[in-house]
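*Asks:* build me a structure from this.
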Amino acid sequence: MRKRILLAVLILSGVIFLAGVGVLLYYWHQDMSDKNVREQVASLFGATVENGQEGIPPEFQALYAENPDTVGWLRIDGTNVDSVVMHAPYTEEKYLHTDFNGQYSARGTFYVAEKNDLQTSDNIIIYGHHMNDGTMFGQLEKFEDYSYWSQHPTIIFNTIYGYRTYEIVAAIKTRVLADWETGFKYYQYTGHDDIQFWEYVSFIQQNRLYDTGIELQAGDRLLTLSTCAYHTSDGRFILVARQVT
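*Replies:* Numbers count the residues shown, from 1 in each chain. Sure, this is the predicted structure:
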């Protein structure tokens, strides 16, 4: 009986060990795949192509030719935020867990909210995962500190429609509200509504982690970067910026 128990324990331990190795190999393979895609995307940005798409800026031609969901490039100097941005208006959360090549990726790809119109929306929302290794929006939480904001106050979001520079107005810790809860839902505001604009301004003033000295005015065009946060259930960390050029 003892031998049978010992054998069963050894077999179970072996299965658990092999399962653990399998999980580690899976995540290693995923990390390597994501790294290769990041390098591919970086090599395509600014690359020249023959017979490019008319109206697309030169630096986006190769990216657009590879994937026409390409709409821009997001960068915050001095941080890891420096990558392509996608937009799939007819496919909800297409790039939440999809890489640039259309393959599954836990990291996903930066993407613009489906309801946004990059040319006309007064508030463009860009989503990205909060990765523990600091990739994607994994470094956004550093903007909780005033000193970090003061060293990185500007966001560059160049698009296939034009080059844009934004100054960061506020860093905010918030959460996704349930359907039955009242309160301003920043993730539903994409512009074209003066009442919602001032509701957003009020939300920002009430929830910003520190005063940047920048106050929003009527007519300002906004950029909101959104990622998960873990201070509460369904937590979110957002940066709100206004366009200056």
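*Asks:* buried residues in the longest strand anywhere in the chain, which are they?
*Replies:* Counting by DSSP state E, the longest strand found in the chain is strand 165-175. For strand 165-175, burial by neighbour count (16 or more other C-beta atoms under 10 Å) applies to Y166, I168, V169, A170, A171, I172, K173, T174. Glycine gets a C-beta too; all of them are placed from N, C-alpha and C.
*Asks:* residues in contact with the last one?
*Replies:* So the one you mean is T174. Y186, N207, G235, R236, F237, I238 (C-beta atoms under 8 Å, 6 or more residues apart in numbering).
*Asks:* swap in 10 Å and give it another go.
*Replies:* Neighbouring residues of T174 by C-beta atoms under 10 Å, 6 or more residues apart in numbering: 183-187, 203, 207, 226, 229, 231-232, 234-238.
*Asks:* what about burial for these, which qualify?
*Replies:* The buried subset of the contacts of T174 - by 16+ other C-beta under 10 Å - is F184, K185, Y186, Y187, F203, N207, S226, A229, R236, F237, I238.
*Asks:* can you tell me which of those residues comes closest to Y90?
*Replies:* Taking C-beta to C-beta as the measure, Y90 lies nearest Y187 of these, at 18.5 Å.
*Asks:* now G72, which residues is it bridged with?
*Replies:* Beta-bridge partners of G72, counted by DSSP bridges, are V85, T159.
*Asks:* thought it was touching H87?
*Replies:* Yes: between G72 and H87 there is a contact at 8.2 Å, judged by C-beta atoms under 10 Å.
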